[in-house]
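Student: Sequence plus the predicted model coming up.
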Amino acid sequence: MDLNAYESGGAPLLGEPLPIELANATYAVRGRLVDGLTTVEHAAAWLRDNRARFATALDDDALLALDEADLRAIRSLRDAARTLIDAAARGTDAPAEAVGELNRHVRRAPSWRELATGPGPATLTRSAAAPVPAALGEIAQATVDLVTGPERELLRACQAPGCVLHFLKNHPRREWSGPDCGNRARAARHYERTRQS
C-alpha cells in the first residue's frame, strides 16, 4: 500500500512543537472529544505528516510496518504528553503516572549525536531502537524539555468555547490555539452581549 493514501485522521496540525502537536491529536468537534489516532493508518499518517521535524529518519517502509503495538505506544505517549502539558499550562503538579509513562518512552529509545564525515561539520542523531520507537523517544524527550524548560511559561490551554487544544503563547496578543477558535470566542462574546441587550 502507498503511504500517501493514508488520511490524516483529522488531527489538527498547528505548527506547534511536536509534543503539543501529539497532545493535540485529541481534539474537540462541536464540543465532543475526537481521537485523531484511532487506527494504525492514522498513526502512520501523523508520523508521515510530521517526519521532516524528526531527527530520526522515518522512511515509508518504517511507517508502513506500524502495527497495533506501535499504535498503543503512540497513544500512551500522546496521553502522557497531554496530561503533562495540561498540568504545566495550568501550573499544577504533574501526575506521577503520566511522568512514569513519559519516562518509559524516553528510556526505550536512548539516542545520541555523532559527528558526520563530509564537507563541513554535521551531526547525525543515532539510536539503537527501530525508527518508530526512536521517533517516539524523541517526542518524549522533547516533552521533558518543554515542561521543564523556559517554554513552560508559554504553555496555554485554548480558552475558546469547546476547544481542548494547547499552544505556546509565542506572541503577546495570542489567546487561542488558532484563528477559528478566536472567531468562535468573539462570536460567543457578541452573542452574549446581544442576548443581554
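Tutor: Yep, it's here. Here the structure is a predicted model, which means the values were calculated and not measured. Numbers count the residues shown, from 1 in each chain.
Student: what does stretch 19-29 rub up against?
Tutor: 9-14, 16, 33-37, 46, 50, 74, 77-79, 81-82, 85-86, 139, 142-143, 146, 155, 162-168, 177 (C-beta atoms under 8 Å, 6 or more residues apart in numbering). For glycine as for every other residue, the C-beta is placed from the backbone atoms N, C-alpha and C.
Student: What subset of these is buried?
Tutor: 9, 11-12, 16, 34, 36-37, 46, 50, 74, 77-79, 81-82, 85-86, 139, 142-143, 146, 155, 163-168, 177 (16 or more other C-beta atoms under 10 Å).
Student: and stretch 40-53, which residues are buried?
Tutor: Using 16+ other C-beta under 10 Å as the test for burial, stretch 40-53 gives V40, E41, H42, A43, A44, A45, W46, L47, R48, N50, R51.
Student: and what of stretch 53-61?
Tutor: So for stretch 53-61, counting by 16+ other C-beta under 10 Å, buried means F54, T56, L58.
Student: Dump those into a markdown table; add distance to G120 and secondary structure as well.
Tutor: As requested, those are exported to a markdown table (distance: C-beta to C-beta, whole Å; DSSP: H, G, I helix; E, B strand; the rest coil):
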| residue | distance to G120 | secondary structure |
| --- | --- | --- |
| F54 | 22 | coil |
| T56 | 22 | coil |
| L58 | 25 | coil |
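Student: of all those, which comes closest to E151?
Tutor: F54 (18.6 Å; C-beta to C-beta).
Student: I'd say the closest one and G137 touch.
Tutor: No: in this structure, F54 is not within contact of G137 by C-beta atoms under 8 Å, at 10.4 Å.
Student: What is the longest helix of this structure by residue count?
Tutor: Longest helix in the chain by number of residues, with DSSP state H as the criterion: helix 68-90.
Student: looking at this structure, which helix or strand is least sure?
Tutor: helix 179-196 (a mean of 74; mean pLDDT, DSSP states H and E).
Student: List the contacts of that helix.
Tutor: Residues contacting helix 179-196 (C-beta under 8 Å, 6+ apart): C158, Q159, A160, P161, G162, C163, L165, E175, W176.
Student: Show the residue spans covered by the strands in this protein.
Tutor: Ranges of strands in the chain, per DSSP state E, are 26-29, 32-35, 111-116, 122-127, 155-157, 166-168.
Student: Rebuild those strands as TSV, extending it with distance to R193 and mean pLDDT.
Tutor: Putting the strands of the chain into TSV (distance: least, C-beta to C-beta, whole Å; pLDDT from 0 to 100) gives the following:
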stretch	distance to R193	mean pLDDT
strand 26-29	24	90
strand 32-35	27	92
strand 111-116	53	90
strand 122-127	52	88
strand 155-157	24	95
strand 166-168	26	95
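Student: Can you tell me the centre-most residue of the protein?
Tutor: In the chain, the centroid-proximal residue (C-alpha atoms, centre = their mean) is L22; its distance is 1.9 Å.
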